[in-house]
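Undergrad: Sequence first, then the predicted structure:
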Amino acid sequence: MSAGRSSFGPRFDWIGLLFACLLTLFIALPLIVVGTWAFTEVWRYPSVIPQQFGLRFWGQTLARGDVWDALFLSLRLTTTVTILSAVICLPAAYAFARMRFPGRNILFLSFLASHAFPKFGLLVAIAGIFLQLGLISTFCGVVLIQLVGTLMLMIWIPVAAFQNVDRRMEEAARDAGATPLRVFWSITLPQAAPTISAALLLTFVGTFYETEGAWLIGAPEIRTMPVLMISFINNQIVVQYGAVLSVMLWVPSFIALMFARRVIGTGAFARGFGA
């Protein structure tokens, strides 16, 4: 039997490697094509590679006022939604992690509701309510619809972080005479901070790339970067404009991932979900 295992083992290793390569190609190929288009000036059929590379379309794209308006609007929206989500969700997450009250589990699972149904159908229903409230095509309306999408991340991940805090250190601090606020600030928060930072990071990146809510609730007055990119594609504007915007959209996520790797560390995610 051991001989059979040893003969099949290398075969399965090669199959696994083949699937890994195919998956990498499937994911990387569209990114390579879009990245190539962003730096292409001439690419005519049937040539496999562009005939001319250059930065001409970068200059034309960055010279457009609507691109900079969309970028600053996206950053303003994302920052507002992330801050509001933290203010609303972190106290709730602490309560879910430390308190026992009637209906706790039902309320906790209810934050999955926004992800348990087809998202676009839910957005259409909310859009009908927003229309009656006069929130369509407003900054506040887009903030509210994007805030709904952050609830699960900003509740579930911090709850795991607060549950994983060493209670013995908190009890020792209280025995030493520390006030509840001092215990939270000096003991609880430092231990939970890396995973909370991960939740904030994921919320920021997810909100920056959110498209359906921003388009359905914000159009035509509110145009974020993803919405602007879609409008370029739908209106059949020069392909390179959309490609340049795509590369510009990659930059925030790349910076965020580097921040996560250096500041947060991979162990923070595991510690947060270890409760």
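TA: Alright, I've got the coordinates.
Undergrad: Now for residue 156: which residues touch it?
TA: Residues near residue 156 by C-beta atoms under 8 Å, 6 or more residues apart in numbering: 93, 111. Every C-beta, even on glycine, is put in place using the N, C-alpha and C of the backbone.
Undergrad: List the buried residues for the strand or helix carrying it?
TA: Assigned by DSSP states H and E, residue 156 belongs to helix 139-163. Residues of helix 139-163 classed as buried by neighbour count (16 or more other C-beta atoms under 10 Å): 141-163.
Undergrad: How about residues contacting the helix or strand just after it?
TA: Per DSSP H and E, the first helix or strand lying C-terminal to helix 139-163 is helix 167-175. Helix 167-175 has contacts (C-beta under 8 Å, 6+ apart) with 180, 182-183, 186-188, 191.
Undergrad: got the buried residues for helix 167-175?
TA: For helix 167-175, by 16+ other C-beta under 10 Å, it's 170, 173.
Undergrad: Off-centre distance for it?
TA: Chain-centre distance of helix 167-175: 35 Å, with C-alpha atoms, centre = their mean, to the nearest Å.
Undergrad: Please work out the average pLDDT along that helix.
TA: The pLDDT scores in helix 167-175 average 86.
Undergrad: Tabulate the CA atom coordinates of that helix in CSV.
TA: Only the C-alpha atoms of helix 167-175 are listed here, as CSV (Å, rounded to 0.1, in the frame of the first residue of the first chain):
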residue,chain,number,x,y,z
ARG,A,167,-9.0,38.0,29.5
ARG,A,168,-6.3,37.2,32.2
MET,A,169,-4.4,40.3,31.3
GLU,A,170,-7.5,42.4,31.6
GLU,A,171,-8.4,40.9,35.0
ALA,A,172,-4.8,41.5,36.2
ALA,A,173,-5.0,45.1,35.2
ARG,A,174,-8.4,45.5,37.0
ASP,A,175,-6.9,43.8,40.1
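Undergrad: ok so, going back, tell me the one of the contacts of helix 167-175 nearest residue 44?
TA: The closest of the contacts of helix 167-175 to residue 44 turns out to be residue 191 (C-beta to C-beta; 58.7 Å).
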